[in-house]
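K.L.:
show me how the following folds:
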Amino acid sequence: MGISILAGPASKDMAKGIADTLADKDEHVRLVDVDLRVFPDGESKIRIADAIDGDDVVVVQSTHPPVDAHMMQLFFILSKVSRVASRTVSVVPYLGYARQDREFLAGEVVSIDAIAKIISSYAIDALITFDAHSSLALSYFTVPVHNISAVPLLAEYFKKRLAGEGVEAKDVLSISPDAGGADRAEALADMLHCNSIALRKSRDRITGAIKIDHEMLSKMRDDLKGKVAIVVDDMISTGSSVAEAVRALLEHGCKRVYVACTHALMLDGALERIKEGGASDVVATNTVPNRVSKIVDVAPLAASAVLSILSTSSASSKVGMECSSSSNSSNSESRGRGSRGSISTT
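P.N.:
Numbers count the residues shown, from 1 in each chain. Alright, predicted model coming up:
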């Protein structure tokens, strides 16, 4: 029995990175391709290229745009793997629908609840993702979820880059584009040994236009003057909020502004919009493959989490076999309650 890393259609490079990392630690690791065929009517067919029966299987499939297509592909793969694998770990670098985590308007479907129910219905041992948009979204899953932060990787990247540019920590600011991301900006600031600021923004309910609170920044002009700012967020979609933040920071005295995120969706000309706002560079991880996501690689973190899950699961299985004769009835009752899965954040 070995470890098979399944390369979903959305994450071929990520799967290879995880497989390469694991192969250095275990000679029984192999990369298995997943073939996708799309028919003229839009339906698709998934085929796993090699036999995986009895293996520990790691399904690597991100659900970035086109989200619905990539999500359906994930469901198809899990439906097959969960029936034949010894143990199954699902690596979903970018978890789509995590922003739809509550009923904002009467009658709205809580989309991530539906997604979580489907994924949790398969016999998988754990789900691994990166910087999920909210802990509420993860609470809908009834399988263990490992939510890994990519902020340490972004911090390491900027430590090296800023040192190479001769920028000292006292001249750096970690910026959240809104109050909701304040903790993330503070975490980056702690790692870079600099200060952090959470901007205040508002959105016009009619036009959707983003406005940054310039009055707040005006009062902080002395703190901003000559600084190198890093605007950090979990994801960038259209880039409107980030572009406005960059523009405002430069207007109020920052010397240079970088933009960093875990998930660079980069929709509707986002990169050009951010660059036009004055950003010196945009840096992202490779959870979503595109031209700004080739620098910060999360594959080693995913591989480490996979090893931890499989080793823990193996130990638990041995204990479970020793105790099964005395606890089968209680375990059966517990499985029937549909309790929430555990969530770990690293």
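K.L.:
got the contact list for the residue nearest to the spatial centre of the chain?
P.N.:
Central residue of the chain (CA atoms, centre = their mean): residue 130, 2.8 Å from the mean position. Counting by CB atoms under 8 Å, 6 or more residues apart in numbering, residue 130 touches 93-94, 147-150, 262-263, 285, 287, 298, 301-302. Quick note: C-beta positions are derived from backbone N, CA and C, even for glycine.
K.L.:
and it, how far from residue 248?
P.N.:
From residue 130 across to residue 248, the span is 28 Å (CB to CB, to the nearest Å).
K.L.:
now residue 172
P.N.:
18 Å.
K.L.:
same question, residue 91
P.N.:
In terms of CB to CB, residue 91 sits 37 Å off from residue 248.
K.L.:
who has more neighbours, these two?
P.N.:
Each of residue 91 and residue 248 has its neighbours counted (other CB atoms under 10 Å); residue 91 has more, 29 against 24.
K.L.:
count of residues packed around residue 25?
P.N.:
Neighbours of residue 25 using other CB under 10 Å come to 11.
K.L.:
now swap in residue 163 and tell me
P.N.:
Neighbours around residue 163, by other CB under 10 Å: 11.
K.L.:
tell me if it really is in a helix.
P.N.:
Yes. Counting by DSSP: H, G, I helix; E, B strand; the rest coil, one finds residue 163 located in a helix.
K.L.:
show me what contacts it?
P.N.:
Per CB under 8 Å, 6+ apart, neighbours of residue 163: none.
K.L.:
tell me where the stretch 1-150 of the chain is predicted with low confidence.
P.N.:
Counting by pLDDT under 70, the stretch 1-150 of the chain contains no low-confidence range.
K.L.:
residue boundaries of the strands in the stretch 201-346 of the chain?
P.N.:
Under the criterion DSSP state E, counting those that start in this stretch, the stretch 201-346 of the chain contains strands at 201-203, 210-212, 228-236, 256-264, 281-284, 343-345.
K.L.:
for the first one, give the mean pLDDT please.
P.N.:
Which is strand 201-203. Regarding strand 201-203, the rounded mean pLDDT is 78.
K.L.:
most packed of the strands of the stretch 201-346 of the chain?
P.N.:
strand 256-264 (a mean of 26; mean count of other CB atoms under 10 Å).
K.L.:
on that earlier part again, any idea which of the strands of the stretch 201-346 of the chain gets closest to residue 187?
P.N.:
strand 228-236 (8.8 Å; CB to CB).
K.L.:
list the strands paired with that closest one, with their directions.
P.N.:
strand 172-176 (parallel), strand 256-264 (parallel) (DSSP bridges).
K.L.:
convert the C-alpha atoms of the last one to PDB, please.
P.N.:
As requested, the backbone C-alpha atoms of strand 256-264 are provided in PDB (Å, rounded to 0.1, in the frame of the first residue of the first chain):
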ATOM      1  CA  ARG A 256       5.900  52.400  -2.100                       C
ATOM      2  CA  VAL A 257       3.000  50.000  -1.800                       C
ATOM      3  CA  TYR A 258       3.100  46.200  -2.400                       C
ATOM      4  CA  VAL A 259       0.000  44.000  -2.500                       C
ATOM      5  CA  ALA A 260       0.000  40.400  -1.100                       C
ATOM      6  CA  CYS A 261      -2.700  37.700  -0.800                       C
ATOM      7  CA  THR A 262      -3.200  34.000  -0.500                       C
ATOM      8  CA  HIS A 263      -5.700  33.600  -3.300                       C
ATOM      9  CA  ALA A 264      -5.300  35.700  -6.400                       C
END
